[in-house]
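>>> Here is a sequence with its predicted model. Questions after.
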Amino acid sequence: MKKIYFASDQHFGVPTPELSLPREKKFVAWLDEVKEDAEAIFLLGDLFDFWFEYKTVVPKGFVRILGKLAEIRDSGIPIFFFVGNHDLWMNDYFETELNIPVYHDNKEFAFNGKTFLIGHGDGKGPGDKGYKRMKKVFTNPFSKWFFRWLHPDVGVRLAQYLSVKNKLISGDDDVKFLGEENEWLVLYAKRKLETKHYNYFIFGHRHLPMIIPVGKDSEYVNLGDWIGYFTYGVFDGEKFELQKFEK
């Protein structure tokens, strides 16, 4: 079979659009490379550091990314997008403009006899209660309705500021390995295995590339990020690996 690719946490737009541009070009180069043998491509959230869809407007910029995704999808390669905590206000723009389905929670997939549970990973597992409460506020329909009434020049600037400055809102943990017993997504995966077996739990959010066994023939995978690591996952039909894009 062809390969299935996974990437997460690009956070395009920070710290500034100008400084983000080289990373965007590098990600487009990666998309150009993997499209040659991709069975499917999974993007696991925080593609943008901020995203909000007004009824007739989306944030400006990111044309290289959006154009490349449109090109790949039009060629017939499936692309799946899972919202992260920085782009959780994504609605139907990707679906209507790019024909890319958007998921707001984990979803199960099966490839070549292997089972996958895939998602961004924010708010899962024990702990992180402050962010979980904040996420409920942000995803409340009234909150989205209220924010939509802010002029985009005000709303986008405010959201970008809070995204960087307020760690409770962003949900970003310190980017260091906490040990298996303290990694919430590891604990989440082990708890899920009590009721159903998965070969792979694929998540982003932690910004740390890692593969950790969590049970018999079962692994937790974090994809890392495209800020400092430039790592991605690839499943060739038999095994899953993390690789680094060097170009």
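Received, thanks.
>>> so where do the helices sit in this protein?
17-34, 63-74, 93, 129-138, 141-148, 152-165, 167-170, 184-193 (DSSP state H).
>>> how about the residue most central in space within the chain, what does it touch?
Nearest to the mean C-alpha position of the chain, counting by Cα atoms, centre = their mean, stands residue 45 at 1.8 Å. Neighbour list for residue 45: 8-9, 81-87, 119-122, 204-205 [criterion: Cβ atoms under 8 Å, 6 or more residues apart in numbering]. C-beta: built from backbone N, CA, C; applies to glycine.
>>> where in the protein is pLDDT low?
125, 127-139, 155, 159-174 (pLDDT under 70).
>>> Burial check on residue 35, number of neighbours?
15 (other Cβ atoms under 10 Å).
>>> Can you name the residues that contact it?
Residue 35 neighbours (Cβ under 8 Å, 6+ apart): 41, 72, 75, 77.
>>> Let's see if you can find the most crowded of those residues.
Neighbour max across those (other Cβ under 10 Å) = residue 41, 23 neighbours.
>>> List the beta-bridge partners for that residue.
residue 5, residue 79 (DSSP bridges).
>>> Could you check how far it is from residue 82?
Taking Cβ to Cβ, to the nearest Å as the measure, residue 41 falls 12 Å from residue 82.
>>> do the same with residue 218
When residue 218 is compared with residue 82 (using Cβ to Cβ), they lie 20 Å apart.
>>> Tell me which of these two has more neighbours.
Neighbours per residue, other Cβ under 10 Å: of residue 218 and residue 82, the larger number sits with residue 82, 27 against 19.
>>> Is it correct that that one is in contact with residue 122?
No - the criterion here is Cβ atoms under 8 Å, and residue 82 misses it with residue 122 at 10.2 Å.
>>> out of the helices of the chain, which comes closest to residue 199?
helix 184-193 (10.6 Å; Cβ to Cβ).
>>> tell me what the closest one is packed against?
strand 200-203, strand 209-215, strand 218-223 (3 or more Cβ pairs under 8 Å, 6 or more residues apart in numbering; DSSP states H and E).
>>> how about a cut-off of 6 Å?
Applying 3 or more Cβ pairs under 6 Å, 6 or more residues apart in numbering; DSSP states H and E, one finds that helix 184-193 makes contact with strand 209-215.
>>> Name the residues that touch the strand it packs on?
Contacts to strand 209-215, defined as Cβ atoms under 6 Å, 6 or more residues apart in numbering, come from residues 186, 189-190, 193, 219-222, 224, 229, 231, 242.
>>> Put together TSV for those, with distance to residue 14 on each row.
Formatted as TSV, the contacts of strand 209-215 follow (distance: Cβ to Cβ, whole Å):
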residue	distance to residue 14
186	27
189	29
190	33
193	35
219	30
220	27
221	25
222	20
224	17
229	16
231	18
242	23
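>>> circling back: can the contacts of residue 35 go into JSON lines with extra columns for distance to residue 200?
Shown next, in JSON lines, are those (distance: Cβ to Cβ, whole Å):
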{"residue": "41", "distance to residue 200": "16"}
{"residue": "72", "distance to residue 200": "23"}
{"residue": "75", "distance to residue 200": "26"}
{"residue": "77", "distance to residue 200": "21"}
